[in-house]
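Q: Give me coordinates for this.
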Amino acid sequence: MLKKRKVAIDAKNKQVNFFKNDFLEFFKSEINCHIIGRVISYDKAHHRCDVQPLPLQSDDDKRASLTEVIVPDSISMINDIVDFMKWADKFVDTYNGHTNPPAGSVSGTYSHFDKAKEKHAFKVGSVVWIGFCDREMDNWSGKNNYKIDTKRMHSMQDAVIEAVIEP
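A: Model prediction:
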């Protein structure tokens, strides 16, 4: 004859509520997707920067700085464009100074670089949008496939600048 087993009934849904509320909130708090920060140092030669995250911790202290954050070429080339435009201004001014204006002037067709646009360069002090890689990037050289040595995922150690919010 079969015996009936007593099954504990969670009348108040304590287990379900734990998973839906407490556990889920803890789990989400451990995954890093994006954060806003301010650039505190920039190594243009190595395409890396250090960033101070702007959101404060729950106790209103600053978060630890993110170090060796990758700066993609698409962000750093903004500086190259600004530098080129400043060079072009000097070139046009020099050319115009050695010709007999207005016949030899090129400034009639060249619009000088707006100095106000120089502020758009990526630099120390810029506010940036930072993303975190799905997998660790310790062995990534910037070129080819790479081996993953850890189970680290969505870590603040694997940060990449994705956009400049405020130059």
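
Q: Tell me the bridge partners for the residue positioned nearest the centre of the chain.
A: Nearest to the mean C-alpha position of the chain, by Cα atoms, centre = their mean, lies residue 161 at 2.0 Å. Taking DSSP bridges, one obtains residue 130 as the residues bridged to residue 161.

Q: wait, what's in contact with residue 140?
A: residue 146 (Cβ atoms under 8 Å, 6 or more residues apart in numbering). Backbone N, C-alpha and C define where each C-beta goes, glycine included.

Q: So for it, what pLDDT did the model give?
A: Looking at residue 140, its pLDDT is 82.

Q: Tell me how far the closest residue to residue 136 other than its chain neighbours lies from residue 14.
A: Once flanking residues are discounted, residue 136 sits nearest to residue 152: 4.2 Å by Cβ to Cβ, 6 or more residues apart in numbering. Plainly put, residue 152 is 33 Å away from residue 14 if you go by Cβ to Cβ, to the nearest Å.

Q: and the two? which has more neighbours close in?
A: Neighbour totals were compared for residue 152 and residue 14, and residue 152 leads with 14 against 9 (other Cβ atoms under 10 Å).

Q: I'd assumed residue 139 was in contact with that one.
A: No. Counting by Cβ atoms under 8 Å, residue 152 does not reach residue 139; the two are 11.9 Å apart.
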